[in-house]
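Trainee: mind folding the following:
(one chain, ligands or ions: 2)
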Amino acid sequence: MAKSYKPRKSDKFAFGVWCVMNRGRDPFGVETRPAITGLEAVRGLAKHGAYGFEYHDNDLIPFDATAGEARKIVAELKRIMKSTGIRATAGTTNLFTHPVFRDGAFTSHDPEVRAFAVQKAMNLLDLAADLDTRVVLLWGGREGAEVDGAKDPVDALQHLRECVNFLCEYIIDRRYPILLSIEPKPNEPRGDMYLPTTGHALAFIETLEHPFMVGTNPEFAHVKMAGLNPYHEYAQALEVGKLFDVHMNGQKVGRFDQDMSIGADGLKEIFFVCKLLKDYAYAGTVAVDAHPFRTEIEPWDFVDRCMCSWRMLIEKVDALNSDREYRQLLGPLVAQKGPLAAALGQYTAANAAKLRGHAYRPDKMAVRPLPYERIDQIVNEVLMGVR
Ligand code: GLT
Ligand code: MN
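Mentor: Ligands and ions are numbered 1, 2, ... in the order given. Alright, predicted model coming up:
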């Protein structure tokens, strides 16, 4: 790897430990990589220069571990964190693997299943507080449906709201400095999942009792599965101060959840996500949620490559933002001021009269230059390294 693209702590790269632990199993084939434990994954990530790691409760502590076993694992994890400096940047509760969650956790019909899910999430919040994790993700892996005759989505959303409200109160009660982040996904593993996009998550958050405690972490692959534009999705969360984390990867549009490396597909699209985060000084972690190709025997080329690609993207963002021709073309378009722009800023009777009274010339307005072919070509030239 070229030296200048090595990760720096200031890049704030984080990886899901589950990404590194992923063994290449898919619906048609068994594992192609040997098992590694969560602790080994954390150690490896630290060695490869990651700033942080994200974890599920059960990536670190097996579902059926005793309290004593859990204590031992957490003690060892803390030792690794202390000696390497790696941080536990985000945590989450696995509410999708065990068959008890086969028809949802927070959206199950069964109140005992919902209560068990909330208990598991409260335990995860305790662990997160202990590890100084500030963001806890809510990815509703099983929150969805295949059979619309079997579940009313209004009921499901109400159950979900009740559980998230409960967890917010728990965080407040315990005085944990933790924010919750909803990760939207349109489908897979469920036929349809609740809160399928960033917009759905943002609308839902506003209906909570403590909306300020809850944000969202869009995932590049999930946005592309829905056939939407990642730049726009991330922007919508960022614009309202709700971009609490980001999950990055590569993905072909409309496919199953491929979770490929950053840059493996959708280079131009992820370039614009990178530009958004840079342009608006996003301060959170850049978390990779992907897995090595099934053809890999071990995960570390994947880890290095994702961080390297992101750093190259940052370099390209800087190149575009400082490109003279790009600035000359774009500058005048975005910086148009004048009395009409000012009047649009606030409704008053006088401003409405101003807008009404202006002598518009739509035929003239319709032919003002918009040099978008040239702008897009400059972007491509920057990305292809020929400028
Ligand atoms: C799972 C999923 C991810 C979520 C993780 C958090 S687990 O791998 O594909 O997108 O972020 O639970
Ligand atoms: Mn994710």
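Trainee: beta partners for the residue in the stretch 51-200 of the chain that ligand 1 sits nearest to?
Mentor: Closest approach between the stretch 51-200 of the chain and ligand 1, counting by CB to the nearest ligand atom: Trp139, at 3.7 Å. (C-beta placed from N, C-alpha, C; glycine too.) Here Trp139 sits in beta bridges with Glu183, as judged by DSSP bridges.
Trainee: pull the number of nearby residues for Thr295.
Mentor: Neighbours of Thr295 under the rule other CB atoms under 10 Å: 8.
Trainee: how about it, what does it touch?
Mentor: When contacts are counted by CB atoms under 8 Å, 6 or more residues apart in numbering, Thr295 touches Thr32.
Trainee: how near is Ala117 to Glu269?
Mentor: 34 Å (CB to CB, to the nearest Å).
Trainee: more neighbours: those two, which one.
Mentor: Using other CB under 10 Å as the criterion, Ala117 and Glu269 rank with Ala117 on top: 24 against 18.
Trainee: helix, strand, or coil at Arg258?
Mentor: If you look again at residue 258, you'll see it is Gln, not Arg. What DSSP: H, G, I helix; E, B strand; the rest coil gives for Gln258 is coil.
Trainee: any idea how many residues pack against it?
Mentor: Neighbour number of Gln258 under other CB under 10 Å is 17.
Trainee: strands along this protein, start to end?
Mentor: 13-16, 52-56, 87-92, 135-139, 144-145, 179-183, 192-193, 214-216, 246-248, 286-288 (DSSP state E).
Trainee: and Ala237, which of those is closest to it?
Mentor: strand 214-216 (5.0 Å; CB to CB).
Trainee: run through who's touching the closest one.
Mentor: 164, 168, 179-184, 198, 201-202, 205, 208, 237, 241-245.
Trainee: and the residue of the stretch 51-200 of the chain closest to ligand 1, how far from Thr107?
Mentor: 13 Å.
Trainee: okay, these two: which has more neighbours?
Mentor: Thr107 (27 against 24).
Trainee: tell me who's in contact with the more buried one.
Mentor: Contacts of Thr107 by CB under 8 Å, 6+ apart are Arg114, Gly140, Glu143, Gly144, Lys151, Ala156, Leu157, His159, Leu160, Tyr194.
Trainee: just Cys274 next, same as before
Mentor: The contact partners of Cys274, by CB under 8 Å, 6+ apart, come to Trp310, Leu313, Ile314, Lys316, Val317.
Trainee: picking up where we left off before, contacts only, for the residue of the stretch 51-200 of the chain closest to ligand 1.
Mentor: Contacts for Trp139 were tallied using CB under 8 Å, 6+ apart; they are Thr92, Phe96, Ile182, Glu183, Lys185.
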